[in-house]
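Novice: What shape does this take:
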Amino acid sequence: MSIIVDEHKIEKISEKDWDKSYEIKAILLLFLGFGLVGIDRFIIMPMFPVLAKELNLNYSDIGLLTGALGIAWGFSSIFMGRFSDKVGHKAILIPSLVLFSLLAGFSGLATTLGSLLLIRVGIGLIEGAYTPSSIIATLDASKPSRVGLNIGLQQAAFPLFGLGIAPVLVTQLLNVVDWHFIFALVALPGFVVAYFMYKILRDNPQILANSPKEEKSEAVIKEVPASKWYDIFKYRNVSLGVVSMFCWLTALTVLAAFLPNYLTDYLKLNLNQMGFILSAIGFGGTVGTICLPALSDKIGRKAAVSLSALGGALSLLMLIRMDASSMTALFTVVFVCVFFIYSLLALTVGPISAESVPKHLRSSSSGMVIGTGEIFSGSVVSFMVGMVAQVFGIQYILHVATGAMVLGFIVTLFLKETAPSKINRQNI
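Specialist: Below you'll find the predicted structure:
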(Lines give C-alpha, C1' and ligand atoms only; values in the text may rest on other atoms or scores of the structure.)
Protein backbone atom coordinates (compact mmCIF):
# COMPACT_ATOMS: atom_id res chain seq x y z
CA MET A 1 0.00 0.00 0.00
CA SER A 2 1.04 3.61 -0.53
CA ILE A 3 -0.09 6.90 0.95
CA ILE A 4 -1.37 9.82 -1.10
CA VAL A 5 -3.28 12.99 -0.40
CA ASP A 6 -6.95 13.04 -1.32
CA GLU A 7 -6.91 14.73 -4.73
CA HIS A 8 -10.43 16.12 -4.65
CA LYS A 9 -9.93 17.85 -1.28
CA ILE A 10 -6.66 19.38 -2.47
CA GLU A 11 -8.24 20.74 -5.64
CA LYS A 12 -10.98 22.39 -3.61
CA ILE A 13 -8.45 24.11 -1.36
CA SER A 14 -6.21 25.04 -4.27
CA GLU A 15 -8.81 27.20 -5.98
CA LYS A 16 -9.39 29.19 -2.77
CA ASP A 17 -5.88 29.70 -1.39
CA TRP A 18 -3.41 29.62 -4.23
CA ASP A 19 0.22 30.62 -3.85
CA LYS A 20 0.43 32.73 -7.00
CA SER A 21 3.88 34.09 -6.19
CA TYR A 22 5.34 30.59 -6.10
CA GLU A 23 3.49 29.68 -9.29
CA ILE A 24 5.09 32.59 -11.18
CA LYS A 25 8.61 31.88 -9.90
CA ALA A 26 8.36 28.14 -10.50
CA ILE A 27 6.99 28.49 -14.03
CA LEU A 28 9.75 31.01 -14.87
CA LEU A 29 12.49 28.65 -13.65
CA LEU A 30 10.94 25.65 -15.41
CA PHE A 31 10.62 27.75 -18.57
CA LEU A 32 14.31 28.65 -18.47
CA GLY A 33 15.33 25.09 -17.65
CA PHE A 34 13.42 23.63 -20.57
CA GLY A 35 14.82 26.35 -22.81
CA LEU A 36 18.30 25.07 -21.96
CA VAL A 37 17.14 21.54 -22.83
CA GLY A 38 16.10 22.89 -26.23
CA ILE A 39 19.44 24.59 -26.78
CA ASP A 40 21.45 21.53 -25.76
CA ARG A 41 19.40 19.23 -27.97
CA PHE A 42 19.13 21.37 -31.09
CA ILE A 43 22.22 23.57 -31.11
CA ILE A 44 23.92 20.89 -33.21
CA MET A 45 21.30 21.05 -35.97
CA PRO A 46 22.38 24.29 -37.70
CA MET A 47 25.97 23.10 -37.38
CA PHE A 48 25.34 19.92 -39.38
CA PRO A 49 26.44 21.38 -42.75
CA VAL A 50 29.73 22.45 -41.09
CA LEU A 51 30.15 19.25 -39.08
CA ALA A 52 29.44 17.15 -42.17
CA LYS A 53 32.48 18.61 -43.88
CA GLU A 54 34.84 18.53 -40.90
CA LEU A 55 33.86 15.11 -39.54
CA ASN A 56 32.98 13.55 -42.92
CA LEU A 57 29.31 12.96 -42.08
CA ASN A 58 26.63 11.93 -44.59
CA TYR A 59 22.83 12.03 -44.33
CA SER A 60 22.75 8.61 -42.65
CA ASP A 61 25.21 9.81 -40.01
CA ILE A 62 23.01 12.84 -39.32
CA GLY A 63 20.07 10.47 -38.86
CA LEU A 64 22.19 8.29 -36.56
CA LEU A 65 23.18 11.21 -34.32
CA THR A 66 19.61 12.46 -34.13
CA GLY A 67 18.18 8.99 -33.59
CA ALA A 68 20.69 7.91 -30.93
CA LEU A 69 19.86 10.92 -28.77
CA GLY A 70 16.15 10.29 -29.23
CA ILE A 71 16.40 6.62 -28.27
CA ALA A 72 18.44 7.41 -25.16
CA TRP A 73 15.98 10.19 -24.29
CA GLY A 74 13.06 7.79 -24.72
CA PHE A 75 14.34 4.98 -22.49
CA SER A 76 15.36 7.45 -19.82
CA SER A 77 11.95 9.18 -19.88
CA ILE A 78 10.12 5.89 -19.36
CA PHE A 79 12.14 4.72 -16.39
CA MET A 80 12.91 8.06 -14.77
CA GLY A 81 9.31 9.23 -15.09
CA ARG A 82 8.30 6.35 -12.86
CA PHE A 83 11.21 7.07 -10.51
CA SER A 84 10.16 10.72 -10.27
CA ASP A 85 6.72 9.62 -9.06
CA LYS A 86 8.48 7.96 -6.14
CA VAL A 87 11.25 10.42 -5.15
CA GLY A 88 9.81 13.77 -6.29
CA HIS A 89 10.72 15.91 -9.23
CA LYS A 90 13.22 18.18 -7.47
CA ALA A 91 15.65 15.29 -6.93
CA ILE A 92 15.60 14.64 -10.68
CA LEU A 93 15.54 18.16 -12.10
CA ILE A 94 18.55 19.77 -10.44
CA PRO A 95 21.19 17.05 -11.01
CA SER A 96 19.93 16.54 -14.56
CA LEU A 97 20.21 20.23 -15.37
CA VAL A 98 23.83 20.35 -14.17
CA LEU A 99 24.86 17.17 -15.96
CA PHE A 100 23.32 17.83 -19.37
CA SER A 101 24.79 21.34 -19.37
CA LEU A 102 28.24 19.85 -18.81
CA LEU A 103 27.80 17.28 -21.57
CA ALA A 104 26.58 19.90 -24.01
CA GLY A 105 29.79 21.80 -23.38
CA PHE A 106 31.83 18.63 -23.90
CA SER A 107 30.29 18.25 -27.37
CA GLY A 108 32.80 20.81 -28.54
CA LEU A 109 35.62 18.38 -27.74
CA ALA A 110 34.36 15.76 -30.21
CA THR A 111 36.72 14.99 -33.07
CA THR A 112 35.06 11.92 -34.61
CA LEU A 113 31.57 10.63 -35.28
CA GLY A 114 32.02 8.07 -32.49
CA SER A 115 32.96 10.59 -29.80
CA LEU A 116 30.16 12.94 -30.80
CA LEU A 117 27.70 10.05 -30.79
CA LEU A 118 28.73 9.02 -27.27
CA ILE A 119 28.24 12.53 -25.92
CA ARG A 120 24.86 12.92 -27.62
CA VAL A 121 23.65 9.64 -26.12
CA GLY A 122 24.65 10.91 -22.68
CA ILE A 123 22.73 14.13 -23.25
CA GLY A 124 19.70 12.11 -24.33
CA LEU A 125 19.77 9.97 -21.18
CA ILE A 126 19.94 12.97 -18.85
CA GLU A 127 17.47 15.19 -20.68
CA GLY A 128 15.10 12.23 -20.92
CA ALA A 129 15.09 12.09 -17.13
CA TYR A 130 14.58 15.84 -16.87
CA THR A 131 11.64 16.21 -19.26
CA PRO A 132 8.72 14.33 -17.62
CA SER A 133 9.71 15.63 -14.19
CA SER A 134 9.73 19.21 -15.48
CA ILE A 135 6.27 18.80 -17.00
CA ILE A 136 4.76 17.45 -13.77
CA ALA A 137 6.57 20.11 -11.71
CA THR A 138 4.88 22.69 -13.95
CA LEU A 139 1.53 21.00 -13.50
CA ASP A 140 2.00 20.87 -9.70
CA ALA A 141 2.79 24.58 -9.60
CA SER A 142 -0.18 25.55 -11.77
CA LYS A 143 -3.65 26.52 -10.69
CA PRO A 144 -6.02 23.97 -12.30
CA SER A 145 -7.65 26.63 -14.48
CA ARG A 146 -4.22 27.58 -15.86
CA VAL A 147 -2.75 24.13 -16.53
CA GLY A 148 -2.93 24.37 -20.33
CA LEU A 149 -1.52 27.90 -20.34
CA ASN A 150 1.38 27.14 -18.00
CA ILE A 151 2.28 23.85 -19.66
CA GLY A 152 2.29 25.74 -22.96
CA LEU A 153 4.53 28.47 -21.54
CA GLN A 154 6.98 25.94 -20.10
CA GLN A 155 7.06 23.86 -23.27
CA ALA A 156 7.40 26.99 -25.44
CA ALA A 157 10.92 27.55 -24.13
CA PHE A 158 12.08 24.40 -25.94
CA PRO A 159 11.45 25.64 -29.50
CA LEU A 160 12.05 29.30 -28.64
CA PHE A 161 15.58 28.78 -27.36
CA GLY A 162 16.52 25.58 -29.19
CA LEU A 163 15.05 26.24 -32.62
CA GLY A 164 14.34 29.97 -32.66
CA ILE A 165 17.22 31.80 -31.04
CA ALA A 166 19.95 29.15 -31.36
CA PRO A 167 19.96 28.78 -35.20
CA VAL A 168 20.32 32.52 -35.77
CA LEU A 169 22.92 32.85 -33.02
CA VAL A 170 24.91 29.79 -34.12
CA THR A 171 25.02 30.68 -37.81
CA GLN A 172 26.26 34.16 -36.93
CA LEU A 173 28.85 32.85 -34.45
CA LEU A 174 30.16 30.40 -37.04
CA ASN A 175 31.35 33.43 -39.01
CA VAL A 176 33.66 34.52 -36.19
CA VAL A 177 34.51 31.49 -34.01
CA ASP A 178 35.15 27.79 -34.48
CA TRP A 179 32.19 25.46 -33.85
CA HIS A 180 34.03 23.78 -30.95
CA PHE A 181 33.78 26.95 -28.83
CA ILE A 182 30.07 27.47 -29.46
CA PHE A 183 29.22 24.34 -27.47
CA ALA A 184 31.18 25.64 -24.47
CA LEU A 185 28.97 28.74 -24.29
CA VAL A 186 25.83 26.75 -23.47
CA ALA A 187 27.09 25.15 -20.24
CA LEU A 188 27.21 28.12 -17.83
CA PRO A 189 23.52 29.15 -17.81
CA GLY A 190 22.55 25.65 -16.67
CA PHE A 191 24.44 26.03 -13.40
CA VAL A 192 22.74 29.33 -12.62
CA VAL A 193 19.22 27.99 -13.25
CA ALA A 194 20.00 24.83 -11.23
CA TYR A 195 21.01 26.97 -8.24
CA PHE A 196 17.76 28.93 -8.26
CA MET A 197 15.74 25.74 -8.69
CA TYR A 198 17.44 24.38 -5.58
CA LYS A 199 16.51 27.51 -3.63
CA ILE A 200 12.94 27.98 -4.86
CA LEU A 201 11.36 24.84 -6.31
CA ARG A 202 9.18 22.68 -4.04
CA ASP A 203 8.72 18.96 -4.22
CA ASN A 204 5.28 18.85 -2.65
CA PRO A 205 2.29 20.37 -4.43
CA GLN A 206 2.29 24.05 -3.50
CA ILE A 207 -1.46 24.41 -3.37
CA LEU A 208 -1.62 24.23 0.43
CA ALA A 209 1.16 26.78 0.91
CA ASN A 210 -1.04 29.68 2.04
CA SER A 211 -3.82 27.69 3.68
CA PRO A 212 -4.32 28.07 7.44
CA LYS A 213 -3.51 25.12 9.67
CA GLU A 214 -7.10 24.11 10.25
CA GLU A 215 -7.74 24.06 6.47
CA LYS A 216 -4.56 22.07 5.82
CA SER A 217 -5.80 19.44 8.21
CA GLU A 218 -8.81 18.91 5.98
CA ALA A 219 -6.59 17.39 3.32
CA VAL A 220 -7.54 13.78 3.82
CA ILE A 221 -4.75 11.22 3.83
CA LYS A 222 -5.88 7.86 2.56
CA GLU A 223 -4.42 4.55 1.50
CA VAL A 224 -4.64 3.34 -2.08
CA PRO A 225 -3.43 0.10 -3.65
CA ALA A 226 0.22 0.25 -4.70
CA SER A 227 0.36 0.83 -8.44
CA LYS A 228 2.45 -0.80 -11.15
CA TRP A 229 3.97 1.09 -14.05
CA TYR A 230 1.69 -0.66 -16.53
CA ASP A 231 -1.42 0.60 -14.73
CA ILE A 232 -1.21 3.70 -16.91
CA PHE A 233 -2.36 1.63 -19.90
CA LYS A 234 -5.75 1.16 -18.23
CA TYR A 235 -6.42 4.67 -19.48
CA ARG A 236 -7.10 4.86 -23.22
CA ASN A 237 -5.51 8.25 -23.76
CA VAL A 238 -2.12 6.92 -22.71
CA SER A 239 -2.03 4.30 -25.48
CA LEU A 240 -3.36 6.81 -28.01
CA GLY A 241 -0.83 9.34 -26.76
CA VAL A 242 2.00 6.90 -27.45
CA VAL A 243 0.87 6.46 -31.06
CA SER A 244 0.21 10.15 -31.68
CA MET A 245 3.52 11.14 -30.10
CA PHE A 246 5.26 8.91 -32.64
CA CYS A 247 3.52 10.87 -35.40
CA TRP A 248 4.33 14.34 -34.03
CA LEU A 249 7.98 13.44 -33.39
CA THR A 250 8.31 12.00 -36.88
CA ALA A 251 7.32 15.35 -38.37
CA LEU A 252 9.56 17.23 -35.93
CA THR A 253 12.54 14.96 -36.66
CA VAL A 254 12.19 15.66 -40.36
CA LEU A 255 12.06 19.42 -39.86
CA ALA A 256 14.58 19.84 -37.05
CA ALA A 257 17.24 17.35 -38.16
CA PHE A 258 17.01 17.35 -41.95
CA LEU A 259 15.60 20.75 -42.90
CA PRO A 260 19.03 22.47 -42.66
CA ASN A 261 20.41 20.17 -45.35
CA TYR A 262 17.15 20.33 -47.33
CA LEU A 263 17.50 24.10 -47.45
CA THR A 264 21.19 24.17 -48.36
CA ASP A 265 21.44 21.08 -50.59
CA TYR A 266 18.06 21.07 -52.37
CA LEU A 267 16.88 24.70 -52.28
CA LYS A 268 20.50 25.95 -52.52
CA LEU A 269 20.26 28.53 -49.74
CA ASN A 270 23.43 29.89 -48.16
CA LEU A 271 24.27 29.43 -44.48
CA ASN A 272 22.75 32.73 -43.31
CA GLN A 273 19.55 32.17 -45.30
CA MET A 274 19.29 28.67 -43.85
CA GLY A 275 19.65 30.03 -40.31
CA PHE A 276 16.90 32.57 -40.95
CA ILE A 277 14.44 29.96 -42.27
CA LEU A 278 15.36 27.47 -39.56
CA SER A 279 14.55 30.04 -36.90
CA ALA A 280 10.92 29.83 -38.07
CA ILE A 281 10.81 26.39 -36.43
CA GLY A 282 11.62 27.93 -33.09
CA PHE A 283 9.41 30.98 -33.30
CA GLY A 284 6.47 29.09 -34.82
CA GLY A 285 6.81 26.36 -32.23
CA THR A 286 6.91 28.92 -29.43
CA VAL A 287 3.73 30.68 -30.50
CA GLY A 288 1.87 27.42 -31.14
CA THR A 289 2.97 25.90 -27.86
CA ILE A 290 1.61 28.86 -25.92
CA CYS A 291 -1.56 29.64 -27.86
CA LEU A 292 -3.20 26.29 -28.53
CA PRO A 293 -2.66 24.66 -25.10
CA ALA A 294 -4.06 27.84 -23.55
CA LEU A 295 -7.01 27.68 -25.97
CA SER A 296 -7.53 24.03 -25.00
CA ASP A 297 -8.41 25.21 -21.47
CA LYS A 298 -11.51 26.72 -23.12
CA ILE A 299 -12.41 24.53 -26.11
CA GLY A 300 -11.11 21.21 -24.80
CA ARG A 301 -7.98 19.14 -25.43
CA LYS A 302 -9.51 16.91 -28.11
CA ALA A 303 -10.70 19.75 -30.31
CA ALA A 304 -7.33 21.51 -30.00
CA VAL A 305 -5.25 18.48 -31.02
CA SER A 306 -7.54 17.48 -33.89
CA LEU A 307 -7.47 20.96 -35.40
CA SER A 308 -3.71 21.17 -34.91
CA ALA A 309 -3.06 17.81 -36.60
CA LEU A 310 -5.16 18.80 -39.60
CA GLY A 311 -3.47 22.19 -39.83
CA GLY A 312 -0.03 20.59 -39.60
CA ALA A 313 -0.73 18.15 -42.43
CA LEU A 314 -2.06 20.88 -44.74
CA SER A 315 0.86 23.22 -44.07
CA LEU A 316 3.40 20.46 -44.80
CA LEU A 317 1.71 19.88 -48.15
CA MET A 318 2.24 23.58 -48.88
CA LEU A 319 5.90 23.34 -47.86
CA ILE A 320 6.48 20.52 -50.36
CA ARG A 321 5.47 22.91 -53.16
CA MET A 322 7.65 25.82 -51.97
CA ASP A 323 10.84 26.97 -53.68
CA ALA A 324 13.53 29.49 -52.71
CA SER A 325 12.07 32.40 -54.68
CA SER A 326 10.70 34.12 -51.55
CA MET A 327 12.40 33.91 -48.16
CA THR A 328 9.40 35.50 -46.49
CA ALA A 329 6.94 32.95 -47.92
CA LEU A 330 9.23 30.05 -47.05
CA PHE A 331 9.69 31.36 -43.50
CA THR A 332 5.92 31.76 -43.09
CA VAL A 333 5.05 28.25 -44.22
CA VAL A 334 7.70 26.66 -41.97
CA PHE A 335 6.40 28.85 -39.12
CA VAL A 336 2.85 27.56 -39.63
CA CYS A 337 3.99 23.93 -39.83
CA VAL A 338 5.72 23.95 -36.49
CA PHE A 339 3.05 26.18 -34.94
CA PHE A 340 0.77 23.15 -35.13
CA ILE A 341 3.37 20.43 -34.49
CA TYR A 342 4.65 21.93 -31.25
CA SER A 343 1.16 22.59 -29.93
CA LEU A 344 0.50 18.87 -30.45
CA LEU A 345 3.64 17.90 -28.57
CA ALA A 346 2.82 20.15 -25.61
CA LEU A 347 -0.79 18.97 -25.36
CA THR A 348 0.07 15.28 -25.73
CA VAL A 349 2.88 15.03 -23.18
CA GLY A 350 1.32 17.53 -20.79
CA PRO A 351 -2.41 17.90 -20.12
CA ILE A 352 -3.68 14.90 -22.08
CA SER A 353 -1.21 12.44 -20.53
CA ALA A 354 -1.32 13.84 -16.99
CA GLU A 355 -5.06 14.52 -16.77
CA SER A 356 -5.94 11.01 -17.95
CA VAL A 357 -4.42 9.19 -14.94
CA PRO A 358 -4.44 9.53 -11.13
CA LYS A 359 -1.97 12.03 -9.73
CA HIS A 360 0.43 9.40 -8.41
CA LEU A 361 0.90 8.12 -12.00
CA ARG A 362 1.32 11.43 -13.80
CA SER A 363 5.10 11.36 -14.28
CA SER A 364 4.88 7.71 -15.32
CA SER A 365 2.22 8.53 -17.90
CA SER A 366 4.03 11.53 -19.32
CA GLY A 367 7.35 9.66 -19.30
CA MET A 368 5.86 6.69 -21.16
CA VAL A 369 4.32 8.87 -23.87
CA ILE A 370 7.52 10.88 -24.30
CA GLY A 371 9.76 7.83 -24.08
CA THR A 372 8.09 5.51 -26.53
CA GLY A 373 7.63 8.32 -29.04
CA GLU A 374 11.30 9.26 -28.77
CA ILE A 375 12.47 5.65 -29.07
CA PHE A 376 10.48 4.87 -32.20
CA SER A 377 11.05 8.23 -33.84
CA GLY A 378 14.70 8.13 -32.85
CA SER A 379 15.34 4.63 -34.13
CA VAL A 380 12.92 3.78 -36.94
CA VAL A 381 12.16 7.28 -38.17
CA SER A 382 15.64 8.80 -38.05
CA PHE A 383 17.09 5.79 -39.85
CA MET A 384 14.25 5.69 -42.37
CA VAL A 385 14.35 9.42 -43.14
CA GLY A 386 18.12 9.33 -43.42
CA MET A 387 17.90 6.45 -45.90
CA VAL A 388 15.13 8.16 -47.88
CA ALA A 389 17.32 11.26 -48.18
CA GLN A 390 20.41 9.22 -49.06
CA VAL A 391 18.80 6.88 -51.62
CA PHE A 392 15.93 8.84 -53.19
CA GLY A 393 16.86 12.46 -52.50
CA ILE A 394 16.42 14.78 -49.56
CA GLN A 395 13.38 16.45 -51.15
CA TYR A 396 11.25 13.40 -50.28
CA ILE A 397 11.64 13.73 -46.51
CA LEU A 398 8.66 16.12 -46.34
CA HIS A 399 6.38 13.38 -47.69
CA VAL A 400 7.28 11.25 -44.67
CA ALA A 401 6.36 14.08 -42.29
CA THR A 402 3.04 14.70 -44.06
CA GLY A 403 2.05 11.05 -43.85
CA ALA A 404 2.80 11.02 -40.13
CA MET A 405 0.57 14.03 -39.52
CA VAL A 406 -2.35 12.45 -41.40
CA LEU A 407 -2.04 9.30 -39.27
CA GLY A 408 -1.87 11.42 -36.14
CA PHE A 409 -5.05 13.27 -37.08
CA ILE A 410 -6.92 9.96 -37.32
CA VAL A 411 -5.65 8.95 -33.87
CA THR A 412 -6.87 12.19 -32.27
CA LEU A 413 -10.45 11.38 -33.25
CA PHE A 414 -10.47 8.56 -30.67
CA LEU A 415 -9.16 10.55 -27.69
CA LYS A 416 -11.25 11.07 -24.56
CA GLU A 417 -11.69 14.65 -23.41
CA THR A 418 -9.72 15.60 -20.27
CA ALA A 419 -10.02 19.39 -19.94
CA PRO A 420 -11.55 20.36 -16.54
CA SER A 421 -13.67 22.96 -18.30
CA LYS A 422 -15.31 20.26 -20.43
CA ILE A 423 -15.59 17.19 -18.24
CA ASN A 424 -15.56 16.12 -14.60
CA ARG A 425 -12.20 14.44 -13.93
CA GLN A 426 -13.85 11.78 -11.82
CA ASN A 427 -15.39 10.36 -14.99
CA ILE A 428 -12.12 10.06 -16.94
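Novice: What's the local residue count around Ser326?
Specialist: 11 (other Cβ atoms under 10 Å). In this view, the C-beta of every residue, glycine as well, is placed from N, C-alpha and C.
Novice: Next: the one 4 residues further on.
Specialist: Look at Leu330: counted by other Cβ under 10 Å, it has 21 neighbours.
Novice: hang on, it packs against Phe276?
Specialist: No - if you go by Cβ atoms under 8 Å, Leu330 and Phe276 don't touch, sitting 9.2 Å apart.
Novice: got the phi/psi numbers for the nearest residue to Val369 once chain neighbours are set aside?
Specialist: Of all residues not flanking Val369 in the chain, Gly241 sits nearest, at 4.2 Å (Cβ to Cβ, 6 or more residues apart in numbering). Main-chain dihedrals, Gly241, degrees, to the nearest 10: phi -60, psi -40.
Novice: Could you check how far the nearest residue to Glu355 once chain neighbours are set aside is from Leu55?
Specialist: Excluding the flanking residues, the one nearest Glu355 by Cβ to Cβ, 6+ apart is Thr418, at 3.8 Å. Thr418 is 45 Å from Leu55, where distance means Cβ to Cβ, to the nearest Å.
Novice: more crowded one of the two?
Specialist: Thr418 (24 against 17).
Novice: SS state for the more buried one?
Specialist: coil (DSSP: H, G, I helix; E, B strand; the rest coil).
Novice: And the average pLDDT for stretch 321-340 is what?
Specialist: Averaged over stretch 321-340, pLDDT sits at 92.
Novice: where does the stretch 151-300 of the chain have low pLDDT?
Specialist: In the predicted model, the stretch 151-300 of the chain carries pLDDT under 70 at residues 204-227, 229.
Novice: packing partners for the helix or strand containing Ile397?
Specialist: According to DSSP states H and E, Ile397 maps onto helix 397-412. Contacts defined by 3 or more Cβ pairs under 8 Å, 6 or more residues apart in numbering; DSSP states H and E place helix 397-412 against helix 236-253, helix 301-320, helix 382-391.
Novice: Please identify the deepest-packed of the ones you listed.
Specialist: Ranked by mean neighbour count under mean count of other Cβ atoms under 10 Å, the helices and strands packed on helix 397-412 are led by helix 236-253, which reaches a mean of 24.
Novice: what inclination does it have with respect to helix 301-320?
Specialist: Helix 236-253 and helix 301-320 are oriented at 20 degrees to each other (axes from the mean of the first three to the mean of the last three Cα atoms, to 10 degrees).
Novice: which strands and helices sit next to helix 236-253?
Specialist: By 3+ Cβ pairs under 8 Å, 6+ apart, helix 236-253 packs against helix 59-87, helix 301-320, helix 327-347, helix 353-355, helix 362-376, helix 397-412.
Novice: The same query, at a cut-off of 6 Å, please.
Specialist: Applying 3 or more Cβ pairs under 6 Å, 6 or more residues apart in numbering; DSSP states H and E, one finds that helix 236-253 contacts helix 327-347, helix 362-376, helix 397-412.
Novice: Just checking the distance from the last one to the centre of its chain.
Specialist: Right, the one you point to is helix 397-412. 18 Å (Cα atoms, centre = their mean, to the nearest Å).
Novice: ok, now stretch 179-189?
Specialist: Worked out by Cα atoms, centre = their mean, stretch 179-189 lies 22 Å from the chain centre.
Novice: Then stretch 273-280?
Specialist: With Cα atoms, centre = their mean, you get 20 Å for stretch 273-280.
Novice: just use 24 as the starting number from now, easier for me
Specialist: New numbering, starting at 24: the last item is stretch 296-303.
Novice: Name the residues that touch that stretch?
Specialist: Pro69, Gly187, Pro190, Val191, Thr194, Pro283, Leu286, Thr287, Leu353, Phe354, Val357, Phe358 (Cβ atoms under 6 Å, 6 or more residues apart in numbering).
Novice: what about the third one, neighbour count?
Specialist: Using other Cβ under 10 Å, the number of residues around Pro190 comes to 26.
Novice: That one - that's part of a helix, no?
Specialist: Yes - assessed with three-state DSSP, Pro190 lies in a helix.
Novice: so it makes contact with Met70?
Specialist: No - Pro190 lies out of contact with Met70 (Cβ atoms under 6 Å); the separation is 9.6 Å.
Novice: before we move on, the earlier item: pull the contacting residues for the residue nearest to Val392.
Specialist: Thr371, Ile375, Ser376, Val392.
Novice: And the first one, how far from Ile343?
Specialist: Think Thr371. Taking Cβ to Cβ, one finds Thr371 at 24 Å from Ile343.
Novice: that older thread, make a markdown table from the contacts of stretch 296-303 and add distance to Ala317 to it.
Specialist: What follows is the contacts of stretch 296-303, written out as a markdown table (distance: Cβ to Cβ, whole Å):
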| residue | distance to Ala317 |
| --- | --- |
| Pro69 | 29 |
| Gly187 | 19 |
| Pro190 | 26 |
| Val191 | 26 |
| Thr194 | 31 |
| Pro283 | 30 |
| Leu286 | 31 |
| Thr287 | 35 |
| Leu353 | 28 |
| Phe354 | 24 |
| Val357 | 22 |
| Phe358 | 18 |
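Novice: What is the nearest of those residues to Ala424?
Specialist: Of all these, Ala424 sits closest to Val357, with 11.6 Å by Cβ to Cβ.
Novice: Okay, the closest one and Gly307: tell me how far apart.
Specialist: Val357 is 7 Å from Gly307, by Cβ to Cβ.
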